[in-house]
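Colleague: Give me the fold of what follows.
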Amino acid sequence: MLRILLICCLLAVPLTVRSAESTKSPIGSAVTDFTLDNSYGKPVSLSDFEDQKLVVVAFLGTECPLAKLYGPRLRELQEKFGDDVIVLGINSNTQDSMTELSAFVQRFKINFPMLKDVGNRVADAMGAERTPEVFVLDRQRVVRYHGRIDDQYGVGYSRERSVQSDLAIAIEEMLQDKPVSIPVTEAVGCYIGKVNKRKPTGDITYTKHIAPIFNSHCVSCHREKELGPFTLTSYKDIQGWEDTILEVIDDSRMPPWFANPDHGKFSNDSRLNEDEIALIKTWIANGMPEGNPADLPEPPKFTDGWRIPEPDQVIKMDVKPFNVPAEGVVDYKRFLVDPGWTEDKYVYAAEARPDNRSVVHHIVIYIIEPGARRRNLQKMLAGYAPGSLPINRKEGRAMRVKAGSKLVFEMHYTPNGEEDQTDLSYAGLCFLDKPEVETEVSGMIVANPRFKIPAGESDHDVYAIAPVTSDQLLLNMTPHMHLRGKSFRYTARYPDGSQKILLDVPRYDFNFQLKYSLDEPVKLPRGTVIECVAVYDNSEENLSNPDPNIDVRWGDQSFEEMMIGFMETIPAR
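Modeller: Next up, the predicted model:
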């Protein structure tokens, strides 16, 4: 009955607050004078800069990840063109306070005026929808360029450097009295959090219906000191983010989960169901009523400490922190650690923890066994990715690590626009004594290191198979590719000739190194063959592609590629 009611509600209201950016181009439109307070509370007018040849109006938000990355880029452009050009930063987000704006200016060393657009009056007048989004005004304050700053960063991708510096090119052309060669580009980023002008109506409320959904699916990452770019722990937190929330739900970007629901059931499935999505959309369309505070559920409890039992040993990735640059691409960094194990260890729980969550993309900890020169890909000791859970195996299950083994911390960092960022990540391990071990957990991989992905190829298949040599129970799977990864599929081909798709990831996302834990273990009889098929996009249509003009082979760095299907199994009984 609830689902029928929600579908009826959705048919009666628009599904988004603003369905898309305005189709009317601002090119050729004159911008009238405006006056806004800067981050220090002093009024600043557009007309104050009448001596400047050009004005760059840049709409920015204090929490949008792309706005953070591009704040320093605008600072560089101001320094480069300062004699003739003034950058005016405008914050129109209803959720950003003046205090947060001042902190943004200090944190990113902003050297141009940052103005607060209360009530998003200027944003509405100029047709601005995103952060970051820029408009370049000529001497007569007519818009001659509108769109992005450059193509280095976007939603879900980043490049080592920009290929097309659109804003800088437009400025240079205008200073030379040339027409702008590319006057319009697409602005990519967060929606501006505009004032909600609809009166809240309806029975669906935040306290009764929406808070439980966000508590279950979102706030583990979207809370203070976590990787989520903004918090979703209260009604006030959500104000201004409703359009961005709708967009990421419609695009299936959030919560991050990429398994095809037609194949397999997983205990850590984080997807919103149809009823939850309908509730969120209806609530936003109805003006986001808050509801009765008495209906508010108890907030989920998170600990700043371990999510596993108190570790028997804590191991840091290095003796000193790693310095993370403010921008660009940081390729994998690997740190070799000797934990000093003079006897075999049986690890039943393991948790990798980032020291600086704002810049740690993911962590994988591998084992190098005694006498080996390389890490054992079949033994992934622990890992961390946004939204991931630590390893906490059932009673009596443990992974054996040989005495004398060393560990490799494989670290992937994501610059966040802030300077002076450091990280010293670490891991906690819990051990069982050998007599307590009932079942040893084994790692298994299906991999193909001998491939070549041709330059420009958008759908290149790479196959790999691995035999199951004894009866096993499959516990989980983790597909691994790099920036050109497009899709990944595991299939079990059984001795009797039948087959079963174990996991299908039709849209692989390098930003989320997810482990898919089965609801119930799947039996793999001896003689079963596990086949993995990975598909790669090495074309220029893949915005994450470091270089579509070269053939790509196996390699450790993200500008190279890998094809690995990780698995964990236990003996079948």
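
Colleague: wait, what's in contact with the closest residue to Ala58 other than its chain neighbours?
Modeller: Excluding the flanking residues, the one nearest Ala58 by CB to CB, 6 or more residues apart in numbering is Val134, at 4.7 Å. For glycine as for every other residue, the C-beta is placed from the backbone atoms N, C-alpha and C. Residues near Val134 by CB atoms under 8 Å, 6 or more residues apart in numbering: Val56, Val57, Ala58, Phe59, Tyr145, His146, Gly147, Arg148, Ile149, Leu167, Ala187.

Colleague: how much space between Val134 and Arg141?
Modeller: With distances taken as CB to CB, to the nearest Å, Val134 is found 15 Å from Arg141.

Colleague: again with Ile570
Modeller: 69 Å.

Colleague: Show the pLDDT at Asn138.
Modeller: Careful, residue 138 is Asp; it's not Asn. As predicted, Asp138 sits at a pLDDT of 96.

Colleague: Wait, it touches Ala170, no?
Modeller: No - the pair Asp138 / Ala170 is not scored as a contact, 10.6 Å apart, by CB atoms under 8 Å.

Colleague: ok, Val359 - contacts?
Modeller: Val359 touches Val324, Tyr413, Thr414, Pro415, Asn416, Gln421, Asp423, counting by CB under 8 Å, 6+ apart.

Colleague: How far does the strand or helix carrying Ala382 sit from its chain's centre?
Modeller: Following DSSP states H and E, one finds Ala382 within strand 376-384. For strand 376-384, the separation from the chain centroid amounts to 22 Å (computed by CA atoms, centre = their mean, to the nearest Å).

Colleague: For the most centrally placed residue in the chain, list the residues it contacts.
Modeller: Centroid-nearest residue in the chain, with CA atoms, centre = their mean: Asn511, separated by 5.4 Å. Neighbouring residues of Asn511 by CB under 8 Å, 6+ apart: Gly156, Pro256, His361, Pro386.

Colleague: The residue nearest to Ala58 sits in which helix or strand?
Modeller: Residue-wise, Val134 maps onto strand 133-137 under DSSP H and E.

Colleague: what stretches of this protein score poorly on pLDDT?
Modeller: Along the chain, the parts satisfying pLDDT under 70 run over 1-23, 225, 227, 303-304, 387.

Colleague: biggest helix in it by residues?
Modeller: helix 65-81 (DSSP state H).

Colleague: The strand holding Ala382 pairs with which strands?
Modeller: strand 360-368 (antiparallel) (DSSP bridges).

Colleague: In strands, which of the contacts of Asn511 fall?
Modeller: His361 (DSSP state E).

Colleague: buried subset of the contacts of Asn511?
Modeller: Those of these that meet the buried threshold are Pro256, His361, Pro386, by 16 or more other CB atoms under 10 Å.

Colleague: where's Lys178 relative to Arg139, distance?
Modeller: Distance from Lys178 to Arg139, by CB to CB: 14 Å.

Colleague: That should have said Thr131, apologies.
Modeller: In terms of CB to CB, Thr131 sits 27 Å off from Arg139.

Colleague: Among these two, which residue is more densely surrounded?
Modeller: Between Thr131 and Arg139, Thr131 has the larger neighbour count (other CB atoms under 10 Å), namely 30 against 11.

Colleague: isn't the more buried one right up against Leu66?
Modeller: Yes - using CB under 8 Å as the test, Thr131 is close enough to Leu66 to be in contact (7.3 Å).

Colleague: which residues are in contact with both of the two?
Modeller: Shared contacts of Thr131 and Leu66, counting by CB under 8 Å, 6+ apart, come down to Gly189, Cys190.

Colleague: rewinding a little: quick check: next helix or strand after the strand holding Ala382?
Modeller: strand 391-392.

Colleague: which strands and helices sit next to that next one?
Modeller: Contact partners of strand 391-392 among helices and strands, from 3 or more CB pairs under 8 Å, 6 or more residues apart in numbering; DSSP states H and E: strand 345-353.
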